[in-house]
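In: Dropping the sequence and predicted coords here.
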Amino acid sequence: MASNDIDVFVICEAETIAPGAAKAFSLSRINDAGDPETFPIFVIHTAADEYLGYVNACPHKGVLLNKGPGTFFTQDRKLLECGQHGAMFDIDTGLCVDGPCKAQSLEPVALAVIDGDICLCGVKLVEDDGIPNPFEMPDDGPVVLIDSD
């Protein structure tokens, strides 16, 4: 029987991206060969209170779109702009409307807001469990209390 499970990973709390702002994330995904690879994305919180996500790569040469943290927009904030080549993209569709990659599109990523968190859907990410906390007690096994009196 086929599994209908969809990979869903929390990226950040929705409230951390203000309306009209964008935020970049550097993730690692599992490619088709089963190896980890860099997966830069960015998330836009639109003025209409929606969240849109794109792979952070200009279709012109594959470079990061932003030229600094959160710097994705034209000066009037009506379009996305590549900080390297000046290509301009429609925010809602990712379509390049002007520049060296005109008529090409940014690669969208599927997002969902679940319990106040922005989640990436349908992409197998490398899970980073981090360094274990030596002071964290395991859920099983005996607990030893020492009385210092």
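Out: That came through, no problem.
In: tell me how far the ends of stretch 49-57 are from each other?
Out: End-to-end distance for stretch 49-57, by C-alpha to C-alpha, to the nearest Å: 24 Å.
In: what is the mean pLDDT for that stretch?
Out: Mean pLDDT, stretch 49-57: 96.
In: Now do it: distance to the chain's middle.
Out: Offset of stretch 49-57 from its chain centre (C-alpha atoms, centre = their mean, to the nearest Å): 8 Å.
In: Tell me which residue is most central in this structure.
Out: Centroid-nearest residue in the chain: Ile41, 4.2 Å away (criterion: C-alpha atoms, centre = their mean).
In: residue contacts, that residue?
Out: 11, 24-25, 27, 53-56, 109, 120 (C-beta atoms under 8 Å, 6 or more residues apart in numbering). C-beta coordinates here come from the backbone N, C-alpha and C atoms, glycine included.
In: Try it again at 6 Å.
Out: Ile41 sits next to 25, 53, 55-56, 109 when contact means C-beta atoms under 6 Å, 6 or more residues apart in numbering.
In: Could you list the low-pLDDT ranges of this protein?
Out: Within the chain, the ranges that satisfy pLDDT under 70 run 1-5, 128-149.
In: Val43 versus Pro100, what's the distance?
Out: Distance from Pro100 to Val43, counting by C-beta to C-beta, to the nearest Å: 25 Å.
In: again with Asp117
Out: 11 Å.
In: nearest spatial neighbour of Leu79, skipping sequence neighbours?
Out: Met88 (4.5 Å; C-beta to C-beta, 6 or more residues apart in numbering).
In: go on, Cys121?
Out: Nearest in space to Cys121, with sequence neighbours left out and distances taken as C-beta to C-beta, 6+ apart, is Ala110 at 4.2 Å.
In: by contact count, what packs against the helix or strand in which that neighbour is found?
Out: Using DSSP states H and E, Ala110 falls within strand 108-114. Packed against strand 108-114 by the contact rule (3 or more C-beta pairs under 6 Å, 6 or more residues apart in numbering; DSSP states H and E) you find strand 51-55, strand 117-121.
In: Okay, now the sheet partners of it, with direction.
Out: The strands beside strand 108-114 in its sheet (DSSP bridges) come out as strand 51-55 (antiparallel), strand 117-121 (antiparallel).
In: got these as CSV, with mean neighbour count and distance to Glu37 columns?
Out: Listed next are the strands paired with strand 108-114 as CSV, based on neighbours: other C-beta atoms under 10 Å; distance: least, C-beta to C-beta, whole Å:
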stretch, mean neighbour count, distance to Glu37
strand 51-55, 20, 12
strand 117-121, 19, 15
